[in-house]
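J.: Following is a predicted model, sequence given first.
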Amino acid sequence: MLKFGILKCLVVATIPLVHAVNSQSYTWKNVKIGGGGGFVPGIVFNPTEKGLAYARTDIGGAYKLNADNSWTPLLDFVDNARWNYWGVDAIATDPITTSRLYLATGMYTNSWDPNNGQILISTDYGSTFTPSLLPFKVGGNMPGRGLGERLVVDPNDNAILFFGARSGHGLWKSTNYGVNWSQVTTFPSVGTYIPDATDTTGYNNDIIGISWVTFDKSSGTSGSATPRIFVGVANINSSNIYVSTNGGSSWSAVAGQNTTYLPHKGVISPSEQALYVSYSNGAGPPISYANYQYDGTLGSVARYSIANGTWKDITPVSGSNLYFGFGGVAVDLQKPGTIMVAALNSWWPDGQIFRSTDSGTTWTSLWAWASDYTKYYSYNDSLAPWIGPNYVDMTQGDLQIGWMMESLVIDPFDSNHWLYGTGETIYGGRDLLNWDSKHNVTINSWADGIEETSVQGLIAPPSGPLLLSALGDVEGFAHTSLTTPPTTEYTNPKWSTCADIDYAGLNPADIVRIGTGDSSTGKQVALSYNSGSSWSQHYGAADNVSGGKVAISADGTTILWRTSANGVQVSANQATFTTISSLPSTAVIASDKKTAGIFYGASGSSFYVSTNNGNTFSVNGSLGSSSSPVKIVVHPNVTGDIWVSTDTGLYHSTNSGAAFTAISGISQAWAIALGAPATSGGYPALFAAANISSTVGYFRSDDQGVNWVQINDASHGFGAASANVIAADLRTYGRVYIGTNGRGIFYGDVSGTAPANTATATSSSASSTTTSKTSSSSTTSSSTTSTTTKSTTSVSSTTTKSTTSVSSTTTHSTTTTTSTSTASTATGSAAAGYGQCGGMSQHWYRTYII
């Protein structure tokens, strides 16, 4: 057993050499999961250009519909400085100049997002965007994100837009295509509804604000501002729908309205001169992520006759059959009087959608209690088979139809074509009129191209599946193909969210994963001995202990688990987990991949080692001035060859952490990984999400951190660097996997020639606190050495970051064409937030350090 003694030496500040970094061309694609994997709160069709439609997500950006029912992502350029662009709270497509598209973006209105929101303006169908900054925050992943649309273009004068804000900021107007905005001070209500006033995080105790804005085009003439505008506001027990008849100069509450519930959607049927409104008693989706308490347990649907000024309650069900609120509303512009409405959250026996062809006088539904439980659809999820059985599922409670159904639309040019979003995917079909003639339609999972998962962990073992993922909401997969969607999620146990995953270095088929649930979903530790093909619960895990990070010993016998709230625990041979007192409860952990029984930990500036299967840890070295270690990775074939990323840089040790080399030029590093070497038998390629020479990006080094190349480009920013995870392929040189918080998993392969190296390894006197180690073991011995630095390359950089302005390089994800616009913004500081979007039962946090 090793005995460790710590010798404190003089601390000398490290002064990194600042260099620019070469770039190397990479080809980036999504690891195909298919089916979306998260909440789709909004889908809009353009009313004047056939086939033009867009979808917005809460944490994964926006997408454009393709002719083959697939989707193209529009915001893959989003980088670390602009991470909140992926939270899309509203979307508007211009009915006059149809190439114009507007997105209201921003992730949170509380402290988790330090930045104000912006309206992203595109004049080329979303190929490029220019930001127009707002003087307040926007909440794409806040409660009530399914309300809408909050952002609209005047159908008679498309220079005019209205936007309904959150947090008490009211209604805003632009008269120059979204470039500038001013508050409509005459609008009488900013909203009063707050989901949970007792919440202290700012997440559930913020004002939801304006729900939606709807123009009545028929009230005006082309070229002039539309006079009649309806606005829904998130109020209960007070007026919540207002109308202007003079283009927004003055407003009045619509007489006779329902004030019992919140208006979720307001859609006009022009031929009928009718406004259809869906209501719910909550803003949705969940109001509590701790126990997934979903609101929206009651509601109604109403029809307002604009000509007569009268309301009619057209709620499809009543009494004991009404146990949900209502979300999505669609009208068929080709067939006046045809309306559809979705139950916001119907949990039993399935989600529900209603359809009427007589303006809501009578309704039919997707399922009903006839002589028995009967469903009126066929089902196809071949594009995402992991979603569930590829047939009509009659198991009550399986929610095949969906949940969190806030977006529901009918193609304005094709009455057969419909789409709706759920908490997990987009469904749709092209035989909708069969609902009326046969009372049976086809429901297809049509979210191909939408990859919205929040990735918690990735591993790429040297054998078996190419990749195994740990995901929020949809748990994770063993990816045997990068281009074909998986057939099933992890099972036995099956959780909503998988928090982390690891493999045994000597037995790569041995895998451990951990979940974030409670005892209702079984033990939150699971083991596989066949590369994730099948799983079993680890019965040594205590009930209701979950989350955190996990590491498995090289031989697969010992599990080290840093839980979310119960400290660091260890179990050998599936025995009961026991708490380790010698390692801080927040420590970063890892296992040696070559030698069984050795584990590593890092907390603050201290680096810890255990050589007795994780039963005890001792401080073995120092990480300089670091206060927040992020990730430890270990050479797959060499014991004690360790890399650690921290808030102050990247550190390397070849002696189990007794001494570390600080890699020069790196001021901060997050996810790191080791992959296949550039030459057979060489040192593994090193990948890092880092700040190198003042550029935040994704980099590769083939010579242990001496020379670096930047591998991401202006078209692929991957969002918040601190929120992402990385795995590197040990079988294919240069291949790396980047797991994002909202845009799924990307894999990158080398496509361009690597630039020539321009630096060689050098030592400098700059060092941090060093430690000395003595040993009574016959197998390990070392002496204290000082921290050294390695220099990096010095060529031109391709991207820049400023704390006062952002160069907003924007690009369509399927092209290499770029355009640049500049806008002033704040890049922000540390912010913590939920990575949740559409999951059903669990919750997790994601921290951003921007």
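T.: Great, that's in hand.

J.: any weak-confidence spans in the stretch 201-350 of the chain?
T.: Per-residue confidence of the stretch 201-350 of the chain (counting by pLDDT under 70) places the weak regions at 286-293.

J.: hmm, try it at 50
T.: In the predicted model of the stretch 201-350 of the chain, residues 289-291 satisfy pLDDT under 50.

J.: Which parts of it are strands?
T.: Using DSSP state E, counting those that start in this stretch, the strands of the stretch 201-350 of the chain run over 210-215, 229-233, 241-244, 252-253, 262-269, 274-280, 286-288, 293-294, 299-305, 310-313, 326-331, 339-343.

J.: Tell me which of these sits nearest to Ala447.
T.: strand 326-331 (15.7 Å; Cβ to Cβ). Yep, even glycine has a C-beta here, placed from its N, CA and C like the rest.

J.: Now Ala754. Nearest residue, chain neighbours left out?
T.: Gln24 (5.3 Å; Cβ to Cβ, 6 or more residues apart in numbering).

J.: you'd agree that neighbour is up against Gly748?
T.: No. With contacts defined as Cβ atoms under 8 Å, Gln24 does not count as touching Gly748, sitting 10.2 Å away.

J.: More neighbours: those two, which one.
T.: Taking Gln24 and Gly748 together and counting by other Cβ atoms under 10 Å, Gly748 has the greater number of neighbours (23 against 18).

J.: which residue packs closest to the more buried one, ignoring adjacent ones?
T.: Once its chain neighbours are removed from consideration, Gly748 has its nearest residue in Tyr26; the separation is 4.3 Å (Cβ to Cβ, 6+ apart).

J.: Count the neighbours of the one you found for me.
T.: Tyr26 is surrounded by 23 other residues when neighbours are defined as other Cβ under 10 Å.

J.: Okay, and the beta partners of it?
T.: On the basis of DSSP bridges, Tyr26 is bridged to Val750.

J.: residues in contact with it?
T.: Remark: with contacts taken as Cβ atoms under 8 Å, 6 or more residues apart in numbering, Tyr26 is in contact with Ile711, Asn712, Asp713, His716, Gly734, Gly748, Asp749, Val750, Ser751, Gly752.

J.: one more time with 10 Å, if that's ok
T.: When contacts are counted by Cβ atoms under 10 Å, 6 or more residues apart in numbering, Tyr26 touches 698, 700, 709-713, 716, 734-736, 746-752.

J.: same thing with Gly164?
T.: Residues in contact with Gly164 (Cβ under 10 Å, 6+ apart) are 89-90, 104, 147-152, 170-172, 184, 187, 190-191, 208-213, 231-234.

J.: Specify the beta-bridge partners of Ala727.
T.: Beta bridges link Ala727 to Tyr737, judged by DSSP bridges.

J.: Identify the contacts common to Gln24 and Gly748.
T.: Common neighbours of Gln24 and Gly748 are listed as Arg700, Ile711, Asp713, Gly734 (criterion: Cβ under 10 Å, 6+ apart).

J.: What is the nearest of these to Ser645?
T.: When the shared contacts of Gln24 and Gly748 are ranked by distance to Ser645 (Cβ to Cβ), Arg700 comes first, at 14.5 Å.

J.: Mind pulling the model confidence for the closest one?
T.: pLDDT recorded at Arg700 is 98.

J.: Is it located within a strand, as I assumed?
T.: Yes. Using DSSP: H, G, I helix; E, B strand; the rest coil, the assignment for Arg700 is a strand.

J.: Counting neighbours, what do you get for it?
T.: When neighbours are defined as other Cβ under 10 Å, Arg700 has 25 of them.

J.: In contact with it, which residues?
T.: Residues in contact with Arg700, defined by Cβ under 10 Å, 6+ apart, are 24, 26, 673, 675, 678, 685-688, 707-711, 728, 733-734, 736, 748, 750, 754.

J.: Distance-wise, check the residue nearest to Gly748 relative to Tyr698.
T.: Separation of Tyr26 from Tyr698 (Cβ to Cβ, to the nearest Å) stands at 9 Å.

J.: and the helix or strand containing Ala669, what does it pack onto?
T.: Secondary-structure element containing Ala669, defined by DSSP states H and E: strand 666-675. Taking 3 or more Cβ pairs under 10 Å, 6 or more residues apart in numbering; DSSP states H and E as the contact definition, the neighbouring helices and strands of strand 666-675 are strand 455-459, strand 629-634, strand 642-646, strand 649-653, strand 685-692, strand 695-701, strand 725-728, strand 736-739.

J.: circling back: can you say which of the contacts of Tyr26 are buried?
T.: A residue is treated as buried here by neighbour count (16 or more other Cβ atoms under 10 Å); on that basis the buried members of the contacts of Tyr26 are 698, 700, 709-713, 716, 734-736, 746-750.

J.: With adjacent residues omitted, what lies nearest to the spatially most central residue of the chain?
T.: Nearest to the geometric centre of the chain sits Gly742, at 2.1 Å (Cα atoms, centre = their mean). Spatial nearest neighbour of Gly742, excluding adjacent residues (Cβ to Cβ, 6+ apart): Ile59 at 3.5 Å.

J.: is it true that that neighbour touches Asn141?
T.: Yes. Because the distance of 5.2 Å satisfies Cβ atoms under 10 Å, Ile59 is recorded as touching Asn141.

J.: Neighbour count: the two, which is higher?
T.: More neighbours surround Ile59 than the other of Ile59 and Asn141, with 32 against 29 (other Cβ under 10 Å).

J.: any idea how far the more buried one is from Phe187?
T.: Separation of Ile59 from Phe187 (Cβ to Cβ): 29 Å.

J.: and what of Lys265?
T.: Relative to Phe187, Lys265 is positioned 19 Å away (Cβ to Cβ).

J.: before we move on, what about Leu730?
T.: Note on Leu730: its distance to Phe187, by Cβ to Cβ, is 59 Å.

J.: What of Gly266?
T.: When Cβ to Cβ is applied, the distance between Gly266 and Phe187 equals 15 Å.
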